[in-house]
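Enquirer: Sequence and predicted structure below; questions after.
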Amino acid sequence: MAAQQRRVYLDFAASAPVRVEALEAERAYEASSFAGANPNSLHTAGREAARALDGTRRDLARLLGGGFRPADIVFTSGGTENNNLAIVGLAEGARARDRKRTKVLLSAIEHDSGLDMAPMLRDRGFEVVLLLPTRSGVVAPQTLAQELGPDVALVSVMAANNETGVIQPIDELAQAAHKAGALFYTDAAQSFGKVPLNLRNCDAVGIVGHKIGAPVGTGAIAVRGRVPLRPQTFGGGQERGIRPGTQDVRGAMALAAVAKAVCADLEKCRRHVAGLSQALYDRVCHEGSGIVPTTTSVMGDDRLPGLVSLMVPGLDSESLVLQLDAAGFEVSAASACASGSLDASHVLLAMGIARNDALGSLRVSFDERVDAHDLERFAEALLSIVGRLQHK
C-alpha cells in the first residue's frame, strides 16, 4: 500500500504557522530574570520587564515607519480588538473634539470585526456610511471624496483585503480624509510584513501577530500621540490608558522578533511568493477549467503575495473545502472568520459579483515556506474535484 501523502496547509491568511523566531523569543523570555514579572512593578524584575517591552515598541515603530514613535505602540490581543478599539475609540475621540463630526465612513469590504462596529456606532449616535469598491476590489479615492464633509469623524479602510488580497490606496485615501478634517485608520492585519506600507498619513494602524507567524493573541495598534482616541476598556493606566491591563511581555517579544524577521526579507519573499501565486492562477484559471479569479487583475504590485482568490461558479464553497480537505489540502471559503456563514462573502457581493458565483469562492494562502510541488499537487486536486462536481 502506498504511503499516505502528508497534509498541506494553505490557509495562512487565517493563521500562519508559528515561526522559529517566535519560539526562540519565547524561550529567551522564559530564561530571563524577568519571566513572569509585571512590567508595571517598581522592583528590579518589573523594571527589566518594562525595558524589554519598551524594546519591542522601538522595533515595531521602526518597522512600521510612517513617522510612528515607540510611544505610539499600544499592545492588544489581535485584529478584532484592534478594529473594535480603533474604530469606536477614534470616532468618539473625533466627536469629543468637534461635536459636529457624527459620521463614520467604513469600506464595505472591511473585516467583519470592523463592519460589526456599525450597529454599535449607530447606537452611540453616529451615522455610518459604507464605501463600495470597484469591480476590481479597490476603494477608489473618488468614491471616498463623494462622502467626505465637515461632519465626518473617521474613515476606516483596510490596507489589503483579507479575502481578495487587493491592496488599497491608503495614502491617497488618508490624504483625502485629512483634507476634510477626518481621522483615518487602516487595518493592516494582512499586509504588515508582506508588502511595503506607506503609513505617513494614517492616524492609526493595526497589526496582527498570527498572520505572520507570531503567536495567536498578539497584536498592536499604533496611534499617534496627538490623535484623540477614547478607550473602550477601563482599569489600570497601562498602554497610555488606551488599553488597560497587564501587558503580555512574552507575546510582545515574540511579535517583535517575527516582525523583524519577515520585514528583513520582505522584498525577496514578496517577489518569490508573488511568482508562486501567479503560477497557481495560471495553472487553474484557464478556459474550460470552470475556475475564475474573483478580481479583474491577478498580477502586479496591487495584490498581496500568497493570497489566491478564486471562484467556481455554480458550485458551493463548503463542498469544495470539504473535498479538498479529504484530499489533504486545507484552504478557506473566503474569510475563515465568517466560515460559519451559509451566505456568500460580503466582500465579493460588495464588488458586484453575482451571489451564485460568490457562493463558490475559495481562498488559498501561503508564504515563502510553502513547497512549490505542494501547490502543483493542490492545483491538480482542485481541477480534478471541480471537473468531477461539474459533471455530476
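Expert: Everything's here; your move. Numbers count the residues shown, from 1 in each chain.

Enquirer: ok, the nearest residue to I212 once chain neighbours are set aside - contacts?
Expert: Closest residue to I212 apart from its sequence neighbours, by C-beta to C-beta, 6 or more residues apart in numbering: G193 at 4.2 Å. All C-beta spots, glycine's among them, are computed from the backbone N, C-alpha and C. Applying C-beta atoms under 8 Å, 6 or more residues apart in numbering, we find G193 in contact with I207, K211, I212, V258, A259, V262, C263, L266.

Enquirer: thinking E147 is in contact with L130, fair?
Expert: No: E147 is not in contact with L130 according to C-beta atoms under 8 Å; the separation is 9.6 Å.

Enquirer: okay, and the common contacts of these two?
Expert: L105.

Enquirer: Would you confirm that L131 contacts L105?
Expert: Yes: the criterion here is C-beta under 8 Å, and L131 meets it with L105 at 5.8 Å.

Enquirer: Neighbour count: those two, which is higher?
Expert: The neighbour count for L131 versus L105, taken as other C-beta atoms under 10 Å, is higher for L105 (25 against 21).

Enquirer: element containing the more buried one?
Expert: Applying DSSP states H and E as the criterion places L105 in strand 103-107.

Enquirer: Kindly report the same for D171.
Expert: Per DSSP H and E: helix 170-179 holds D171.

Enquirer: Could you list the low-confidence segments of the stretch 151-300 of the chain?
Expert: Filtered on pLDDT under 70, the stretch 151-300 of the chain yields the residue ranges 297-300.

Enquirer: all helices for it, in order.
Expert: 170-179, 249-264, 266-284 (DSSP state H, counting those that start in this stretch).

Enquirer: What is the neighbour count of the residue nearest to S15 when sequence neighbours are not counted?
Expert: Beyond its immediate neighbours in the sequence, the residue positioned closest to S15 (C-beta to C-beta, 6+ apart) is H210, lying 4.7 Å away. By other C-beta under 10 Å, the residues close to H210 number 23.

Enquirer: Could you measure from H210 over to G193?
Expert: Distance, H210 to G193, using C-beta to C-beta, to the nearest Å: 12 Å.

Enquirer: go on, M120?
Expert: Taking C-beta to C-beta as the measure, M120 falls 30 Å from G193.

Enquirer: The helix holding D171 to strand 103-107, inter-axis angle?
Expert: For helix 170-179 against strand 103-107, the angle by axes from the mean of the first three to the mean of the last three C-alpha atoms, to 10 degrees is 170 degrees.

Enquirer: contact partners of helix 170-179?
Expert: Helix 170-179 is touched from outside by 139, 141, 144-145, 148, 152, 155, 157, 159, 183-184, 186, 197-203, with contacts defined as C-beta under 8 Å, 6+ apart.

Enquirer: Can you tell me which of those are buried?
Expert: Buried subset of these (neighbour count, 16 or more other C-beta atoms under 10 Å): 139, 141, 144, 148, 152, 155, 157, 159, 183-184, 186, 197, 199, 201-203.

Enquirer: which stretch of helix or strand covers A379?
Expert: helix 372-390.

Enquirer: and what of L53?
Expert: Using DSSP H and E, L53 sits in helix 44-64.

Enquirer: ok, and for that helix, which residues are buried?
Expert: Going by neighbour count (16+ other C-beta under 10 Å), the buried part of helix 44-64 is 45, 48-50, 52-53, 56-57, 59-61, 63-64.

Enquirer: Which strands and helices lie in contact with that helix?
Expert: The helices and strands touching helix 44-64, judged by 3 or more C-beta pairs under 8 Å, 6 or more residues apart in numbering; DSSP states H and E, are strand 73-76, strand 204-208, strand 219-223, helix 249-264.

Enquirer: switch the cut-off to 6 Å
Expert: Under the contact definition 3 or more C-beta pairs under 6 Å, 6 or more residues apart in numbering; DSSP states H and E, helix 44-64 sits against strand 73-76, helix 249-264.

Enquirer: out of these, deepest packed?
Expert: Ranked by mean neighbour count under mean count of other C-beta atoms under 10 Å, those are led by strand 73-76, which reaches a mean of 25.

Enquirer: Contacts for that one, please.
Expert: Here strand 73-76 makes contact (C-beta atoms under 6 Å, 6 or more residues apart in numbering) with 57, 60-61, 82, 219-223, 239, 242-243, 247, 252.

Enquirer: now with 8 Å?
Expert: With C-beta under 8 Å, 6+ apart as the test, strand 73-76 has contacts from 53, 56-57, 60-61, 82, 85, 206, 218-223, 239-240, 242-243, 247-248, 251-252.
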